[in-house]
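Asker: After the sequence you'll find the predicted model.
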Amino acid sequence: MKLLIKYMVSNRCKTMVQEELSNLGLQSEYVVIDLGMVDLHKDITDIQVEQLKEKLNIAGLELPDESKNKLIEKVKKLITDMINSSEEQPKVNYSVYISEKLGYNYNYLANIFSEVKGITIQQFIIIHKIEKAKELLFYDELNLTEIAHRLHYSSAAHLSSQFKKITGLSPSLYKQVKEKRESVLDNL
């Protein structure tokens, strides 16, 4: 079971959530506590959810209702599947594609996503496309133009620009850093 937590933006928030889970006797139930999310081994009771919700509200954090969490998880899964599968790339705008696939108005989805995740759907898509680009650069099977085409960028320059915004490095510098690390590891 995944719980999304609004306004959980610092390590102090993570520590507070960890303490509240412990107070509810759930310290052995969580797998991961990350900014904005807790991944649990199993479902917790409605009473435990309400108790956690109360404690989080006191601390200025919010546990959105379960239907929003499920909808956001569907949006995230659709996007990651779309990016990881070159066949899934839509021929229309992402907004139209997501809306049609999930059967909801895009503005509704975008508002809920932004409210809970703290970033827009478009930012989420860009971040995941850059992660996929990093993976493709790492395996060194495609050049930058081929990667840009595969990820449906208008050009390699557009991909490079977004890559640098997200990572702080150009794709070529990223590749050089990766190669240096590999050579250092090989020499150990």
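Answerer: Here it is on my side, so go on. Please read these numbers as outputs of a predicted model, since none were measured by experiment. Residues are numbered from 1 along each chain as shown.

Asker: need the contact list for the most centrally placed residue in the chain.
Answerer: Central residue of the chain (CA atoms, centre = their mean): residue 124, 6.1 Å from the mean position. With contacts taken as CB atoms under 8 Å, 6 or more residues apart in numbering, residue 124 has the following neighbours: 76, 79, 113, 117. Quick note: C-beta positions are derived from backbone N, CA and C, even for glycine.

Asker: Taking these, tell me the two that lie furthest apart.
Answerer: Spatial extent of the contacts of residue 124 (CB to CB) is set by the pair 79 and 117 at 11.5 Å.

Asker: lowest-pLDDT helix or strand in the protein?
Answerer: For the chain, the helix or strand with the lowest mean confidence is strand 30-34, at a mean of 73 (criterion: mean pLDDT, DSSP states H and E).

Asker: And the next helix or strand past it?
Answerer: In the C-terminal direction, the helix or strand that comes right after strand 30-34 (DSSP states H and E) is strand 37-40.

Asker: Among the contacts of residue 124, which lie within strands?
Answerer: Filtering the contacts of residue 124 for membership in strands, criterion DSSP state E, returns an empty set.

Asker: Just name the closest of these to residue 147, please.
Answerer: Proximity of the contacts of residue 124 to residue 147 was ranked by CB to CB; the top entry is residue 79 with 17.9 Å.

Asker: Compute the number of surrounding residues for the closest residue in space to that closest one that isn't next to it in sequence.
Answerer: When the adjacent residues along the chain are set aside, residue 79 lies closest to residue 125, with 5.7 Å between them (CB to CB, 6 or more residues apart in numbering). Per other CB atoms under 10 Å, the neighbour tally for residue 125 reads 16.
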